[in-house]
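Undergrad: just coords:
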């Protein structure tokens, strides 16, 4: 197992290197000039050249690439072209809200979706199953921003229970933190509850047809025991996979939720950096997301061995 | 201990733990804070490096200017106590008012101001024009300095009172000596607010606190001039990427001030008893169309005129604003209701005349060369104009090619002097704050000195001659005549098409007092009830 983890970690290095080359190339091929953005409307060509020189954008592209790679090897992500702030500091500042939102969303989604999926599988074809499946289709279909605005309308503007926007860190009080995350978590969870509940249902239905389930029933085990003790564990591999994919998607895919609820997270930082052509910030964030994907894949693959002892690496 | 007692104790401990976990940590003394959502987030903090309006607005919070324009567009002293022109009109002496301090507590000196003016003049077009006519600028003593010009001119006074574009903000000498193409690292001014550097988060928030050392002028606040009295402890600018969220936050009382209310969301607050909706920049904005003189077919004057005849202001403004309460058609290149208002060329600029446009195209021998219009799709204030222009040009017989892109791509693309085949362009539209376009010197789109001019690169030497005369004359009547002649030439040559004037309402909670009307959103003299 240790060997497997080490091998996978080593394999991540060429993956990250490829990502670095691709993201650098794509950014330099995209039209846009950070110097023009900083200088504004009335800048002359000479002023733009001077600003490019100060930013190092006048260097040949291969030189810019090697300078960046050199910085990366030294653990330096560079500084924002627009604000001059170290990129590592920007990422640390923005990591909290995204991480909190992802964890709360995935926790709530798993807590709701697993029982719903199991119940739907247990009552396959019955009213409860149809209800869960119809609701999950709704969860998939309604865009997150629509759910978000509806939640804001009801729970913030009408009832006044939660703030419309903003993020409060746990340092400002746990209740404030929970309040600021409640609506974003609910809005974002709808999609993941639907996704995980459907996968759970399908996986369990598949497993319920297996011989060992018939054996379990034949030896007199109650239906609850069959479902939770035998079916769920054997259906865990696809469920864990989808939860892992969900976490990875969440980390980089919370742009809409962060914008609607004005959460200062990484998703918003990506959009701001792309619109401002802030190359060092975009490059660092894409690398970070790639690393998170690699890491989550590794964790998921490792978890397979826990749920299915037949899997060995 | 009985079982029930043990159970109660457990419940008590659990309750205590929960209560302590959920306790809200309130600050010891809550400062009175105005929470504002501005039109954009602050990332660049150096107001001399960029013309971005949000950075200019930030500049007015923490820096001060030597002179300022009041609500009537008249020039008033601000940091200076007085200025005097020599008898021959060639030199201007400025004397600072006593008691001015930088935010670090050191006194403001003439040396600081001279260094600040030099740095500003390297970046600003009007500053460059001023420097071109200046023979020397020297410090007389700690509180005064003199600017000497080659010819008699009051350009120094007009330039130093310039409210927008790059405003001439004063900084300590050690900061002002930073090369103008490199961003400054310290943000110390002498303005009414201090920036709280520790709370600055690029793209998210910037926080200002009252500068208790600031000595406001005695005169009442008017425009950007007069006494800047700060009545609150802090002002916090929070960035919100979603307009709907900003409006909801305002309705819910989470913010106090929304600088730019989106027109389509006006009905949400119009009848709200807690919210005031008003225009606090009475000069407003102007939307303009620019053609590229370097690329066919607009290298032909008659084709440029045809395009101008085709576009009607009402159509553009309806698409951009929609609500007639907030726009007006206006032929005046330097603004309606402003000092240099003129109707020259109104027959071309205001109403569409497709028949005349077709005639001109025929006279010009237009053979259907493509017209590439740059269309930004991500910025609400500039995304509708190209669509209307495109439709108008098609109606006149142009072969229009719309090219959709984000605004930042447009900003890069419009700097290209290449042919269409190599990524060049023909038309783009943008907006000016009237404060930076109300005379022929401030309006950088009017400059027509070929490849030195703003994107589009018009080459009309006569306009430059008139602009220089405008810079040199101190007679208002003469200035007005020159501005009229420049406007006539700009329309005749197709340098810039004014497409009307519009106003953006701000929405504020009733807990705030009415802001000072100015071309820049200002937070001095504003009061707030409650925290």
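TA: Alright, I've got the coordinates. No experiment lies behind these values; they were computed from the predicted model shown.
Undergrad: Close to chain B: what parts of the stretch 51-200 of chain A are there?
TA: A:51, A:53-54, A:80, A:82-85, A:90, A:93, A:149, A:152, A:156-157, A:160, A:163-166, A:171-176, A:178 (CB under 8 Å from any CB of the partner chain). For the C-beta atoms, the positions are set from N, CA and C on the backbone; glycine is no exception.
Undergrad: if we go to 10 Å?
TA: A:51-55, A:80-85, A:89-90, A:93-94, A:145, A:148-149, A:152-153, A:156-157, A:160, A:162-168, A:170-179 (CB under 10 Å from any CB of the partner chain).
Undergrad: Drop anything exposed from the residues you listed.
TA: Neighbour-count burial (16 or more other CB atoms under 10 Å in any protein chain shown) applied to those gives A:51-52, A:54-55, A:80-85, A:90, A:93-94, A:148-149, A:152, A:156, A:162-168, A:173-174, A:176-179.
Undergrad: among those, which are in helices?
TA: A:51-52, A:54-55, A:90, A:93-94, A:148-149, A:174, A:176-179 (DSSP state H).
Undergrad: Include pLDDT when you put the residues you listed into JSON lines, please.
TA: Putting these into JSON lines (pLDDT from 0 to 100) gives the following:
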{"residue": "A:51", "pLDDT": "82"}
{"residue": "A:52", "pLDDT": "85"}
{"residue": "A:54", "pLDDT": "82"}
{"residue": "A:55", "pLDDT": "83"}
{"residue": "A:90", "pLDDT": "92"}
{"residue": "A:93", "pLDDT": "91"}
{"residue": "A:94", "pLDDT": "91"}
{"residue": "A:148", "pLDDT": "94"}
{"residue": "A:149", "pLDDT": "95"}
{"residue": "A:174", "pLDDT": "93"}
{"residue": "A:176", "pLDDT": "94"}
{"residue": "A:177", "pLDDT": "96"}
{"residue": "A:178", "pLDDT": "95"}
{"residue": "A:179", "pLDDT": "95"}
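Undergrad: quick one: which of those is nearest residue A:113?
TA: Comparing these against residue A:113 with CB to CB places residue A:148 closest, at 19.4 Å.
Undergrad: Check the ones in helices among the buried ones among the residues of the stretch 51-200 of chain A next to chain B and tell me the two furthest apart.
TA: A:52 and A:174, at 47.5 Å, using CB to CB across these.
Undergrad: Centre of the chain to stretch A:183-197, how far?
TA: Distance of stretch A:183-197 from its chain centroid, counting by CA atoms, centre = their mean, to the nearest Å, is 13 Å.
Undergrad: Same question for it: list its buried residues.
TA: Buried, per 16+ other CB under 10 Å, within stretch A:183-197: A:183-197.
Undergrad: Repeat that for stretch A:222-242.
TA: Buried residues in stretch A:222-242, defined by neighbour count with 16+ other CB under 10 Å: A:226-227, A:230-232, A:234-237, A:239-242.
Undergrad: What distance separates the opening and closing residues of it?
TA: 28 Å (CA to CA, to the nearest Å).
Undergrad: Count the neighbours of residue 99 for me.
TA: Since you didn't name a chain, this refers to chain A. Summarising burial for residue A:99: neighbours were counted as other CB atoms under 10 Å in any protein chain shown, giving 14.
Undergrad: The intended chain is chain B.
TA: Neighbours around residue B:99, by other CB under 10 Å: 10.
Undergrad: Could you pull up phi and psi at the nearest residue to it once chain neighbours are set aside?
TA: Distances taken as CB to CB, 6 or more residues apart in numbering or on different chains place residue B:215 nearest to residue B:99, at 4.8 Å, with adjacent residues excluded. Geometry field for residue B:215 lists phi and psi as phi -110, psi 110, criterion degrees, to the nearest 10.
Undergrad: Residue B:215 contacts residue B:96, correct?
TA: No - taking CB atoms under 10 Å as the definition, residue B:215 is not a contact partner of residue B:96, at 11.8 Å.
Undergrad: Comparing the two, which residue is more hemmed in?
TA: Between residue B:215 and residue B:96, counted using other CB under 10 Å, the more crowded position is residue B:96 (24 against 15).
Undergrad: Wait, that one touches residue B:114, no?
TA: No - applying CB under 10 Å, one finds residue B:96 not in contact with residue B:114, separated by 11.3 Å.
Undergrad: Can you read off the pLDDT for residue B:23?
TA: In this model, residue B:23 is scored at 42, pLDDT.
Undergrad: And for the one 3 residues further on?
TA: pLDDT, the model's per-residue confidence, is 43 for residue B:26.
Undergrad: and if you look at residue A:47?
TA: Reported pLDDT for residue A:47: 74.
Undergrad: Contacts only, for residue A:59.
TA: A:52-53, A:65-67 (CB atoms under 10 Å, 6 or more residues apart in numbering or on different chains).
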